[in-house]
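**Q** turn this into a model:
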Amino acid sequence: MSSLSVGQALRVLSTGGLCTVEKMLGEGGQGEVYQVSFMGRSFALKWYNDRVLRHDKRLRTRLQTAIDRGPPSPRFLWPFALVMGRDSTRLGYLMPLRDPHLKELHSILNQSFAPSFRVLATICSLLAHELHALHAKGLAYQDLNAGNLFFDPETGQISICDNDNVDIDGAPSVMGGVWEYQAPQVVLRQTGPSRATDLHSLGVMLFRILHIGHPLIGLRARQFGNLSDPAAIRYLFGTDPLFVFDPDDASNRPIPEEQSLLNAYWAIYPGFIRELFTRAFTDGLRDPLHGRVQETEWRLAMARLRDSVMTCSCGAENFYDRHRVAATTSTFACWYCGSALPVIPPRIGIHAVLDGPRRPPQHVVVLDPGARLFSYQCEGGQYNVASITAQVAGPPATLSNVSRNEWTCRHHGEVIQVAPGDRVSLKDGMQIEFGTTRAEVRM
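**A** Okay, here's the model as predicted:
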């Protein structure tokens, strides 16, 4: 039952003004969410129930800390003002409304929606990037789980909600979190949530996004009738966690009849992704302070995964994997139809500077229709997948200039200027000068 009524006015503490309830958006274990009008605009109001206010004594302090420090980026639906009822017994906060176009991450995990691999990799890279931005402000998320994340089904852009979980890294916490994402030391109550435990939760999130299954739920789970049983949680996620693809212990491999998808996805992804997940759930479990994969490592790997997509003629997305280059054959089979695909596909390597000694490219992007070159790759600056420099079309492979700058392309003595809005046909050995970087095409 709704505890607020349409038209009801509530005090906004930072301004002394009022917000007015427009409609109820939803409810959960902590309270309700409403759409409210404030200063001529619509926002979301999270309104806590009495039980939460009695139990979570640090809630108001935690919210005020978040408000004072401000959001790490616009992708966080961040609290910006506290709200109280006229009798001052109830509390809530204002935040931006979520774009209704975005989908819940649960739609991927329950397989009701299947984005492209390129979108999945973008979701993963952005999640790692945003968590790094949060940690850089001295904050920890504390309760990272699938219910916190929404995504654009076409681009992979994300929004992160439930930011009332955020607190100063290392602050005392009553936060329990969702058990399947908790780090072992939190499950065992050896420590509270922190940046270090966020890193474990991040690894679980990324694995689930890419594989659907859970990295620690395998054959060992068969001995328990209910995975939410405290004994099961303590064993599988606390005292004896074991990666389902642990290279030295096969006792927790995926359950064949229940998790065949997990095996299939694990085989599809390139070696560098498998290596990172293996480290996250071997070294990361044994050494939580030094063994966990860092946010920046995940971001780089997931961006590389996004840029490695190569599409078979059947439409299935595969991946360029440098691990295969050492193989004796020049082709490998599409995971879906079995057609032969080139081990080394047409690609573009982006070098950091125009002049100076030749160095390996910082970014390698497969020339797959729909692939994008971003401004941070071609023109420098912060990681940003909203700013695009070039778009790949084809076949035959062409590169469209969607930036504001003119390019210079050189090929066997021919010089071609590519103005914004124009496109260039790509040829083996062509060099493209974007301004601060040089790209080299290999067909």
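**Q** list the contacts of residue 109.
**A** 146, 208, 209, 212 (C-beta atoms under 8 Å, 6 or more residues apart in numbering). In this view, the C-beta of every residue, glycine as well, is placed from N, C-alpha and C.
**Q** need the residues you listed in a markdown table with neighbour count, secondary structure and pLDDT, can you?
**A** Listed next are these as a markdown table, based on neighbours: other C-beta atoms under 10 Å; DSSP: H, G, I helix; E, B strand; the rest coil; pLDDT from 0 to 100:
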| residue | neighbour count | secondary structure | pLDDT |
| --- | --- | --- | --- |
| 146 | 19 | helix | 95 |
| 208 | 20 | helix | 97 |
| 209 | 21 | helix | 98 |
| 212 | 17 | coil | 93 |
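**Q** closest to residue 377 out of these?
**A** The nearest member of these to residue 377, counting by C-beta to C-beta, is residue 209 at 22.7 Å.
**Q** residue 386: which of the contacts of residue 109 is nearest?
**A** Nearest to residue 386 among the contacts of residue 109: residue 209, at 20.0 Å, using C-beta to C-beta.
**Q** which stretches in the stretch 251-400 of the chain count as strands?
**A** Ranges of strands in the stretch 251-400 of the chain, per DSSP state E, counting those that start in this stretch, are 309-311, 317-319, 331-333, 340-342, 347-351, 363-366, 372-374, 388-393, 398-401.
**Q** now do the buried residues in the fourth one.
**A** Spelled out, that is strand 340-342. Buried positions in strand 340-342, judged by neighbour count with 16 or more other C-beta atoms under 10 Å: residue 341.
**Q** centre of the chain to that strand, how far?
**A** Remark: strand 340-342 is offset 29 Å from the chain centroid, using C-alpha atoms, centre = their mean, to the nearest Å.
**Q** okay, now the sheet partners of that strand, with direction.
**A** Pairing partners of strand 340-342, with direction, according to DSSP bridges: strand 331-333 (antiparallel).
**Q** pLDDT (mean, whole number) over the partner strand?
**A** Strand 331-333 shows a mean pLDDT of 89.
**Q** same check on stretch 180-196?
**A** The model assigns stretch 180-196 a mean pLDDT of 94.
**Q** ok, back up a step: export the contacts of residue 109 to a markdown table and tack on distance to residue 274?
**A** Formatted as a markdown table, the contacts of residue 109 follow (distance: C-beta to C-beta, whole Å):
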| residue | distance to residue 274 |
| --- | --- |
| 146 | 22 |
| 208 | 15 |
| 209 | 15 |
| 212 | 16 |
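**Q** tell me which other helices or strands the helix ranked longest in the chain touches.
**A** When the chain is parsed with DSSP state H, its longest helix is helix 117-136. Counting contacts by 3 or more C-beta pairs under 8 Å, 6 or more residues apart in numbering; DSSP states H and E, helix 117-136 is packed against strand 149-151, strand 158-160, helix 195-211, helix 295-306, strand 309-311, strand 317-319.
**Q** swap in 7 Å and give it another go.
**A** strand 158-160, helix 195-211, helix 295-306 (3 or more C-beta pairs under 7 Å, 6 or more residues apart in numbering; DSSP states H and E).
**Q** in JSON lines: the strands of the stretch 251-400 of the chain, plus distance to residue 72.
**A** Listed next are these as JSON lines, based on distance: least, C-beta to C-beta, whole Å:
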{"stretch": "strand 309-311", "distance to residue 72": "28"}
{"stretch": "strand 317-319", "distance to residue 72": "30"}
{"stretch": "strand 331-333", "distance to residue 72": "40"}
{"stretch": "strand 340-342", "distance to residue 72": "39"}
{"stretch": "strand 347-351", "distance to residue 72": "27"}
{"stretch": "strand 363-366", "distance to residue 72": "24"}
{"stretch": "strand 372-374", "distance to residue 72": "20"}
{"stretch": "strand 388-393", "distance to residue 72": "23"}
{"stretch": "strand 398-401", "distance to residue 72": "32"}
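**Q** out of the helices and strands packed on helix 117-136, which one sits most buried?
**A** With neighbours taken as mean count of other C-beta atoms under 10 Å, the helices and strands packed on helix 117-136 reach their highest mean count in helix 195-211, at a mean of 23.
**Q** show me the beta-bridge partners of residue 104.
**A** residue 150.
**Q** tell me, how many residues neighbour it?
**A** Under the neighbour criterion other C-beta atoms under 10 Å, residue 104 is assigned a count of 15.
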